[in-house]
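*Asks:* what's the 3D shape of this:
(chains A, B, C and D)
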Amino acid sequence: MTASYSPTEMMTVAAARALKNDDVCFVGIGAPSAACNLARLTHAPDIVLIYESGTIETKPNVLPLSIGDGELCETALCTVSVPEIFRFWLQSGRITTGFLGGAQIDRFANLNTTVVGPYKKPKVRLPGGGGAPEIATSCGRIFIAMIHSKRAFVKKLDFVTSLGHGKGKNDRARRGIDTEGPTKVITDLCVMEPDPKTKELTVVSLHPGVSREQVTEATGWPVRFSNKVAETPPPTEKELRVLRELYARTAAAHGEAA
Amino acid sequence: MTASYSPTEMMTVAAARALKNDDVCFVGIGAPSAACNLARLTHAPDIVLIYESGTIETKPNVLPLSIGDGELCETALCTVSVPEIFRFWLQSGRITTGFLGGAQIDRFANLNTTVVGPYKKPKVRLPGGGGAPEIATSCGRIFIAMIHSKRAFVKKLDFVTSLGHGKGKNDRARRGIDTEGPTKVITDLCVMEPDPKTKELTVVSLHPGVSREQVTEATGWPVRFSNKVAETPPPTEKELRVLRELYARTAAAHGEAA
Amino acid sequence: MADVLELDEAVEANVRDGDVVAMEGFTHLIPFAAAHEVIRQKKKRLTLVRMTPDLIYDQLIGMGAADKLVFSWVGNPGVGSLHRFRDAYENGWPGPLAIEEHSHAAMANAYDAGAAGLPFAVFRGYRGAELAKVNPNIKQIICPFTREKLAAVPAIKLDVAIVHAQKADREGNVMFEGIVGVQKEAVLAAKRSIVTVEEVVDEFGARSPNAIILPSWTVGAIVQVRGGAHPSYAHGYYKRDNAFYKAWDPISRDRDSFRAWIDEHVMRKGPGAFAVHAQRAA
Amino acid sequence: MADVLELDEAVEANVRDGDVVAMEGFTHLIPFAAAHEVIRQKKKRLTLVRMTPDLIYDQLIGMGAADKLVFSWVGNPGVGSLHRFRDAYENGWPGPLAIEEHSHAAMANAYDAGAAGLPFAVFRGYRGAELAKVNPNIKQIICPFTREKLAAVPAIKLDVAIVHAQKADREGNVMFEGIVGVQKEAVLAAKRSIVTVEEVVDEFGARSPNAIILPSWTVGAIVQVRGGAHPSYAHGYYKRDNAFYKAWDPISRDRDSFRAWIDEHVMRKGPGAFAVHAQRAA
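*Replies:* You can find the predicted model right below:
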């Protein structure tokens, strides 16, 4: 028996589970932060979380609203400058896992957080890459967490902010990039992984109660399913409790100032 | 009336006098350290001394034996890493004055601290450049302090460790270097300055009691004298007292450990 | 040597129309009070450089202070878009705004190169990223030893850097602590600089020998402005006002409500108005 | 995660014949105790990398541990030559020694590049200096924006970094303070590392958020060796033994007196012999 939960909670829990206790994780801005901290507060107490603001081994009690909240520094092992975090910590290749999100993703897990429409005359100007272009290629592997919708899971990106598997197959290797790239895309509907050969994203697990049709409907390309599609185990009571407590602490903390 | 003093004391005092209160000085290893600290303890109390060990605005009470003695760190405004000191502080061009010495100097104030004899099969292997090659070109101007002898003031260097005025005239500018280079060479016999046009070192001031012949005798090339050669004012009682106290404190401190 | 000035004097003496200016602070220590003074003095045609433009540049852009924005992530962190930035960039209101866009790694390296006096920065970046196609200031460079292709961007060179720090001492030395971002690099990469601080103390006192300090001779003007980083925060003094960041979204969505807010909170106020924020517990 | 080991285990597990090894420490925190263990274990054919070779490498070279020395200033600081180095380099005793010589700026940048995972370092250096003619690892690179010619050197990549620090905590994190040199860079540029420390503490306790710390997962082995930096020093623990540096000159001038000294103070001793030096007041 598990309590009822929202699709976003399922996504966060599934993302958290993908992380291991010995991971060194570079936490980009947005949703990934919840998943990383949930992992830390459940099955991966020793996971190392690094934020691009320079905070190393941070253990926030509440989720940061911004990537550089005081909470991150106060609970960190140490805090270094921003040039150092990108040079000595990210670029050097010592991060095992990078966590990204985006406004658009394509079938090869390339991401767009730059513009909707043409770059010089966008329909919507998005925030831009931030740390993503280098996170995407410097970390050992990449997890992506995104809400599943046709607007987001698109046939063709308006702009490639950060590289996933490029044009598929061995495109990363061909470009001289020796990191794995995206190995998991976790949505509120399912978990996708790149096909070992083509590198096209393939549904490997559906969240409880989600049908293949729902995923197909929410994906802007003819989405493939792996031969054996599993059902994602639902959030455990502990996972849900810890996640909700984390959100509750966060809400209280962020509402406090005038 | 001044007390009697040694030629080396005269050299150190003359070198100290060349420094100004608003100088930011990069202090290389060796003799320069005494001159810089004498200046700080006499007419230039606000002079900023930076050592390549990373200590910024250090005010040592005793002279360091090595470039990274604890005294330098304990009396510094702050201490940064060695890559930072060479990148943000030296290379960036914010040092007004660099202080160098060497085993050999030529008429254009190029210095050798690398080898006597051929590089691959030296007669004497000297310590090498350390910070000198970049100090020589990155600081606003360079002062050189050296004991005057034919072995040191040579017609041709065995090796150019750090650039002075190269082959003379506008050689520095021709190489794209926009700093002044050596503007003063202070020895135990005299003070030399580069001729404004040819950049050949020229004696501008003789220390009290030193004859032109002595300087000529101690110099490995036909040394030039400026039209008007001054007499270096002898050390004042205060200069001598402060310098000797500094050496006495230093000797006591360095002898202390077992 | 740094001069200790009033904020209006410091901005007047250091910020000129058309300057390349960075107001830095990575979430932490963002110099809002100084930015408000720049708005009050109606500076124009600035090129504004900042990794994460944030509310501080939304306000400057909305008031027409800038011609150009150089950035790597433009938004209200955790909240959404910067509406004044988007209105300027997408609709040209109150004037057109050019952009030069980079990644964080590129800008962090470019600040570092600026502080180091280098003309450019080398890093392993932009691989497979389309920004390199739309920004001519992103080039490739080849390692002369391994032949690896790396990215190169010009060093950031500033006319003025404006930052906020916790403390200055009477000599004009400045001490930073916590998330230090690229502030030290920005000041060292600038011809002129203004540092607002929470307090000017007689002496820093006991501290790590490796404390992060800018010596007075590297700093232009120092101004004490208590609370001067609000709604950003100052480690050890007061917390980030996350609620204000959320409140900014509706304020800035509309041109009139934005102007009304600026009129009330910037034009009719001075730096003293920030002091109230410093009184909230850290 | 760092393992807390005994010194002999740490050296045995991490240092292999033929390795590229750096034992760093810029005057301060030089890992003498670890070097003595390397001598005791008779490691051979090492490439020794260090900005300022100092007594520590004089001892290793004199005992025949090294094939090659990479350095930027080789001497007994403030005292004179390193006689064992010169005897090896000039006379091939006890074996031939190859050298690769740089400037400090080059090596500092090369360590920085190694820590940053770059293949090479760019800096404004070696202008008019003849080293660039005798060292093929010094090349020129042209800024793609300004066309300025700059120097390039390969990044330092190490098999093993060996450094000394003040403290480690029970988790295996390491804290440095004072003149920190290139130690952090060396460890981050190495495949394996050994850090000897003055003490292992339960927790670092109150400290600056910007304290210089190597997280445990970046460190190989940690060994507590009190006094392990002697005759160098440990800020906050004990002073540099300048008298010993001076005494080294006559000891090392002669092959026999050198060997006798090594026999007595290294071969017949263990790391415990360093503790006495930690007892002198800081």
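*Asks:* near chain D, which residues of chain C are found?
*Replies:* Proximity of chain C to chain D (Cβ under 8 Å from any Cβ of the partner chain) is limited to residues C:116-120, C:122-124, C:137, C:139-141, C:143-146, C:148, C:150, C:152, C:154, C:177-178, C:180, C:207-212, C:235. From N, CA and C alone the C-beta is placed, and that goes for glycine too.
*Asks:* and chain B, which of those contact it?
*Replies:* C:116-118, C:209-212.
*Asks:* leaving out chain neighbours, which residue sits closest to A:Ala34?
*Replies:* Using Cβ to Cβ, 6 or more residues apart in numbering or on different chains and skipping the chain neighbours, the partner closest in space to A:Ala34 is A:Thr12 (5.1 Å).
*Asks:* low-confidence stretches in the chain?
*Replies:* If you meant another chain, say so; for now it's chain A. A:1-3, A:29-30, A:255-258 (pLDDT under 70).
*Asks:* wrong one, chain C
*Replies:* Ranges of chain C meeting pLDDT under 70: C:280-282.
*Asks:* out of the ones next to chain B among the residues of chain C next to chain D, which is most surrounded?
*Replies:* C:Ala116 (26 neighbours; other Cβ atoms under 10 Å in any protein chain shown).
*Asks:* how far away is it from C:Met175?
*Replies:* 22 Å (Cβ to Cβ, to the nearest Å).
*Asks:* got the residues of chain A near chain D?
*Replies:* When proximity is defined as Cβ under 8 Å from any Cβ, chain A approaches chain D at A:24, A:48, A:56-57, A:73-74, A:76-80, A:87-88, A:91-94.
*Asks:* give me the subset of these that lies in helices.
*Replies:* A:73-74 (DSSP state H).
*Asks:* what sits against whichever residue of the stretch 1-150 of chain A sits closest to chain C?
*Replies:* Closest to chain C within the stretch 1-150 of chain A is A:Gly68: 2.6 Å, counting by Cβ to the nearest Cβ. Listed by Cβ atoms under 8 Å, 6 or more residues apart in numbering or on different chains, the contact partners of A:Gly68 are A:51, A:53, A:55, C:26-28, C:77, C:179, C:181.
*Asks:* just A:Tyr5 next, same as before
*Replies:* A:13, A:234-235, A:240.
*Asks:* recalculate using a threshold of 10 Å.
*Replies:* A:12-13, A:207-208, A:234-235, A:237, A:239-240, A:243-244 (Cβ atoms under 10 Å, 6 or more residues apart in numbering or on different chains).
*Asks:* quick one: name the residues of the stretch 101-250 of chain C near chain B.
*Replies:* Contact residues, the stretch 101-250 of chain C versus chain B (Cβ under 10 Å from any Cβ of the partner chain): C:112-118, C:169, C:171, C:173, C:175, C:184-185, C:188-189, C:204, C:207-218.
*Asks:* 6 Å - rerun?
*Replies:* Applying Cβ under 6 Å from any Cβ of the partner chain, we find that the stretch 101-250 of chain C lies next to chain B at C:115-117, C:188, C:209-211, C:213, C:215.
*Asks:* tabulate the contacts of A:Gly68 (TSV), appending distance to D:Ile262, neighbour count and secondary structure.
*Replies:* Below are those laid out as TSV (distance: Cβ to Cβ, whole Å; neighbours: other Cβ atoms under 10 Å in any protein chain shown; DSSP: H, G, I helix; E, B strand; the rest coil):
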residue	distance to D:Ile262	neighbour count	secondary structure
A:Tyr51	49	30	strand
A:Ser53	49	30	coil
A:Thr55	46	31	strand
C:Phe26	51	28	coil
C:Thr27	55	26	coil
C:His28	52	28	strand
C:Pro77	60	23	coil
C:Ile179	49	30	coil
C:Gly181	49	28	coil
